[in-house]
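>>> Sequence and predicted structure below; questions after.
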Amino acid sequence: MTTKRKLIGRLVPCRCFRGEEEVISVLDYSHCSLQQVPKEIFSFERTLEELYLDANQIEELPKQLFNCQALKKLSMPDNDLSNLPTTIASLVNLKELDISKNGIQEFPDNIKCCKGLSVVEASVNPITKLPDGFTQLLNLTQLFLNDAFLEYLPANFGRLSKLRILELRENHLKTMPKSIPQTGTQLERLDLGSKWNL
């Protein structure tokens, strides 16, 4: 069923599919050489649950995108994004976010409003720190922040007690917060790279 939806999603620009509005919950615009988010997406802001914009040349995210409040998965790795807008806070149903391989330098503090987030993939971005608001994502189970520029983690990082997978390879971390043991109850994989002996 999902495959069929994705196929319909790829054909959205064709006007003959306008009548299918209620069916569209998945749109896949991966590898389309896009420089901006297609406007057709906004026709489905009430029903859209998954959006794939992987491997394009998108530099910024339009405000209208954050009206898609039913979004559960937003995937946009390998683009040219330099920031994550504060309007991401309106995606209150978001569960999975993939912004890996971009030029994003920081998460806005109000990412904390995306309380349902369970998976964040943000590897290969020049992120130097996580805002305190990040530690309020209490449903986070998987966090991938490899090959970034992290110098430290928030002191209360241990609040993320549901974390099962934490990957922080190739960063500039010299110490870990004392609160980290609090995450240990659920943690199945902790990857800090070869220089750490944990």
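Everything's here; your move.

>>> List the buried residues of stretch 98-105.
98-102, 104 (16 or more other Cβ atoms under 10 Å). The C-beta positions use only the backbone N, C-alpha and C, and glycine is treated the same way.

>>> show me the residues around Leu145 that make contact.
120, 122-123, 127, 167-168, 171 (Cβ atoms under 8 Å, 6 or more residues apart in numbering).

>>> which among the residues you listed end up buried?
Among those, the ones that count as buried by 16+ other Cβ under 10 Å are 120, 122-123, 127, 167-168, 171.

>>> From these, pick the one nearest Leu192.
Checking these against Leu192 with Cβ to Cβ, the nearest one is Leu168 at 5.3 Å.

>>> and Leu117, how many neighbours?
Number of residues near Leu117 (other Cβ atoms under 10 Å) recorded here: 24.

>>> Would you mind stating the distance between the nearest residue to it once chain neighbours are set aside and Cys114?
Using Cβ to Cβ, 6 or more residues apart in numbering and skipping the chain neighbours, the partner closest in space to Leu117 is Leu137 (5.0 Å). Distance from Leu137 to Cys114, counting by Cβ to Cβ, to the nearest Å: 7 Å.

>>> returning to that earlier point: residues near the residue nearest to Leu117, how many?
23.

>>> And Arg169, by the same measure?
Arg169 - counted by other Cβ under 10 Å - has 16 other residues nearby.
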